[in-house]
Structures are given as structure tokens and as C-alpha cells.
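Colleague: my questions are about this predicted structure, shown below with the sequence.
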Amino acid sequence: MSTYGATELAKAFRTVRGNTIHIARDIPEDKYDFRPAPGARSVSELFRHMIYSPLFQEDVHRTKHATTFKGYDFGASLAIVHAAADKPKSKAEILDALEREGERVATWLESLTPAYLAETVTDPTGANPRTRLELLMAIKEHEMHHRGQLMLIERMVGVVPHLTREREERNRARAAAPAAR
């Protein structure tokens, strides 16, 4: 039987973060202040949010080892995330933080035991238990959500997303293969 655990979660997160880093490299630095709509996060703000939002999950699962969200101070935890996200500003600093923080989070995820991942955490009413694995998967799911936004922003600023470029190259290679025979 195949199981999904810490190794698989860390590997999946590394893949997601690697694609995020590719996007961060592809978007020109002069577009990092671009906002797709009034009130929306800029490119820079999106990357910084993605870098530091795992701090929330770390606070819940690593620092506090919470078993319930009853009494959990979401405001204090989110203040830590927002304070950290104000730090890197330049493209180079953002790329460095994406790589460094991504590997730090992946290494932590990889270290988690099956027993730890099977523990449950309840909602503020003490109901609806969910496993830590299920909750920690939100780290990569959240990043994928924002990466989708960034891929649309890439189009808006004139960049063809790398995944699209790679797919188009594979299609060209397949189309050229019969002609080469």
C-alpha cells in the first residue's frame, strides 16, 4: 500500500516552491510593484506573502503544538507573518528568501513522523478534527493558489509562464518528430 507522509509532502512542497522561484526569476524586477487591480497585492507583496505564510502553520504545529484552535490567537500569529513579509524588498532578496525559507520549511516537513502527522487538531468549537498532515498540506495548496495568480500576472506583464513555454516546446518536439523520420 502506498502512503503519503512527510517525505512526499516535503517533495511536493519543494516542487511547488521550485515553480514559484522560476516565476520569481521570470518576472522582471521593474514589474515587482505591478498590481493587477486596485487593492490587490503587488507581485512583490504576493511573493513575500508566499515566503512567510508557512510561519502560521509552524506556529500552530511546531511552536505551540496546538490540538485545538479554541483560544488560539490568530491575530498574534498573523502579525508575525505580516512583520516577516515586510522584510525582503528587492528581487534578489525575494529570490534568496524564497529559496532559503522554502528549504527550511521543506526540511521541517520532511522531519515529521507518521504519528505526529496522524495527530488531530479541532476547530474552535472542539469539533471537526483534522489530521496535522491534512492541515500541513495547506502550505503547498496555499502557495499553488497564489502561484496561479502570479501566472496570470505574468501574462498581464508580457511574460509567458515557464510551464506554458515547456509544454509548447514538448508539443513542437512531438510535431517535429514524425517529420524527422
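Modeller: Sure thing, it's come through. Numbers count the residues shown, from 1 in each chain.

Colleague: packing partners of the helix or strand where residue 176 lies?
Modeller: When elements are assigned from DSSP states H and E, residue 176 belongs to helix 162-180. In terms of contacts (3 or more CB pairs under 8 Å, 6 or more residues apart in numbering; DSSP states H and E), helix 162-180 is packed against helix 6-26. Bear in mind the C-beta positions are built from the backbone N, C-alpha and C, glycine included.

Colleague: pLDDT on the helix it packs on, on average?
Modeller: Along helix 6-26, the predicted confidence averages to a pLDDT of 98.

Colleague: ok, now stretch 129-137?
Modeller: The average of the pLDDT scores along stretch 129-137 is 97.

Colleague: how close does the residue nearest in space to the middle of the chain sit to residue 85?
Modeller: For the chain, residue 143 is the residue whose C-alpha lies nearest the centre (CA atoms, centre = their mean; 2.7 Å). Summarising the geometry, the distance separating residue 143 from residue 85, computed by CB to CB, to the nearest Å, is 14 Å.

Colleague: low-confidence ranges, the chain, go.
Modeller: Judged against pLDDT under 70, the low-scoring parts of the chain cover residues 1-2, 179-181.

Colleague: by residue count, what's the longest helix in it?
Modeller: Across the chain, the longest stretch assigned as helix under DSSP state H is helix 132-156.

Colleague: list the buried ones in the host helix or strand of residue 76?
Modeller: Under the assignment given by DSSP H and E, the secondary-structure element containing residue 76 is helix 74-85. With burial defined by 16 or more other CB atoms under 10 Å, the residues of helix 74-85 counted as buried are 77, 81, 84, 85.

Colleague: quick check, nearest of these to residue 46?
Modeller: When the buried residues of helix 74-85 are ranked by distance to residue 46 (CB to CB), residue 85 comes first, at 10.0 Å.

Colleague: OK, contacts around the closest one?
Modeller: If you count contacts by CB atoms under 8 Å, 6 or more residues apart in numbering, residue 85 has them with 45, 48, 49, 51, 52.

Colleague: can you say which of those are buried?
Modeller: Among the contacts of residue 85, those that count as buried by neighbour count (16+ other CB under 10 Å) are 48, 49, 51, 52.
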